[in-house]
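[1] quick check, what structure comes out for this input:
(one chain, ligands or ions: 4)
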Amino acid sequence: AKRSGRGKVMVYTREMEEAARRVTHIEQALRRAVAAEEVEPHFQPIVELKTGHVIGFEALARWTDRDLGVIPPNVFIPIAEERGIIGALSQLLLRKATETARNWPDELFLSFNLSPSQLVDQNTAQQVLAILARTGFDPRRLEIEITETGLMTDPASAEKIVNDLRAVGIRVSLDDFGTGQSSLGRLREFHFDKLKIDRSFVSSILEDKPSEHIIRAILAMCEGLGMNVVAEGIEEEAQADRLVEFGCAGGQGYLFGKPSDAEATMAYLREAYRG
Ligand code: C2E
Ligand code: CA
Ligand code: CA
Ligand code: CA
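    Ligands and ions are numbered 1, 2, ... in the order given. Modelled structure (predicted):
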């Protein structure tokens, strides 16, 4: 028993070593990719649910490495945060995203994700503003998506960054609402322009009553607090119908469009604005 226990520990250690090596490998490849500007924003439509009309797009990072292949953002974003690359990566993505979005019709917004570690770095607001100045993108067309995790590490620092962004007309959304360390108190301390209801509630809205009640309660709360709402991860018509019935104004999900590159997004818009 002792031997197998030891064996297990050894296997576990080797697996951990391999995992650490892979992380370092990804980190090095990512540094190269950021320097070579090879990470790209893709864009997923956000729509007015009642009409299906597009109102904006969320930028989502995409990266294909020559050797490692496609690495999903759920993998490389946390590594970028951990290894201190997120600032450079984020600046590259915001520059590319605003260079694309400035060619869209003026009424469409661009929504951009900031990582938790960026909300403890007081350079973040200055960096965002510098990129907007450089690309000539109107700050009033930009939304920043942050999560509750990002607000918790250092609430005072996060608040200062959020205030600096809002001062020039950038709007701030609370992402993934209903997951993680949700605290309603947060909604009292911070003013958010928009709340994004996490996909986990949307995907079970037709199956279980609790999800339905939670979504209705979130919508009522947003109405009272004067916040816009977007329901994330809508994949089926029936889910969208239900959300409209409950009075949810905004929606996002594969039903309306998957994230696609700048060129395909332009084609989508030409189709959407035709006639
Ligand atoms: P998120 O911000 O919650 O983004 C929404 C995720 O849900 C995206 O995954 C999107 O492709 C996916 N999604 C959208 N509609 C549907 C749907 O109908 N069904 C399903 N199953 N999924 C849907 P993605 O692109 O893989 O990104 C994962 C996460 O990585 C994002 O979650 C965000 O936390 C992070 N991320 C992506 N791009 C960036 C970035 O540029 N900066 C930062 N800081 N984080 C990013
Ligand atoms: Ca997001
Ligand atoms: Ca989200
Ligand atoms: Ca998420």
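[2] so, low pLDDT: which residues of the stretch 1-150 of the chain?
    1-10 (pLDDT under 70).
[3] show me where the protein has strands.
    Counting by DSSP state E, the chain has these strands, from start to end: 40-48, 54-65, 69-71, 109-113, 142-146, 171-177, 194-197, 228-231, 250-252.
[4] which parts of the stretch 1-150 of the chain sit against ligand 2?
    Contacts of the stretch 1-150 of the chain with ligand 2, taken as Cβ under 5 Å from the ion, map to N113, E145. (C-beta placed from N, C-alpha, C; glycine too.)
[5] alongside ligand 1, which residues does the stretch 1-150 of the chain contribute?
    Among all residues of the stretch 1-150 of the chain, those adjacent to ligand 1 (criterion: Cβ under 6 Å from any ligand atom) are Q44, A59, L60, A61, P72, P73, N74, I77, L93, N113, L114, S115.
[6] go again using 5 Å as the cut-off
    L60, A61, P73, N74, I77, L93, N113, S115 (Cβ under 5 Å from any ligand atom).
[7] tell me the contacts of the spatially most central residue of the chain?
    By Cα atoms, centre = their mean, the chain has its centre lying nearest to N113, at 4.1 Å. Contact partners of N113, counting by Cβ atoms under 8 Å, 6 or more residues apart in numbering, are E58, A59, L60, I144, E145, I146, D175.
[8] the residues you listed: which two are farthest apart?
    Taking every pair in these and measuring Cβ to Cβ, the maximum separation is 15.2 Å, between L60 and I146.
[9] close to ligand 3: what parts of the protein are there?
    Contacts of the chain with ligand 3, taken as Cβ under 5 Å from the ion, map to D175, D176.
[10] ok, 6 Å please
    D175, D176, K196, E232 (Cβ under 6 Å from the ion).
[11] now the helices: where do they sit in the chain?
    Assigned helices in the chain, in chain order: 2-35, 73-82, 86-101, 124-135, 148-152, 155-167, 184-189, 199-203, 209-225, 237-245, 262-272 (criterion: DSSP state H).
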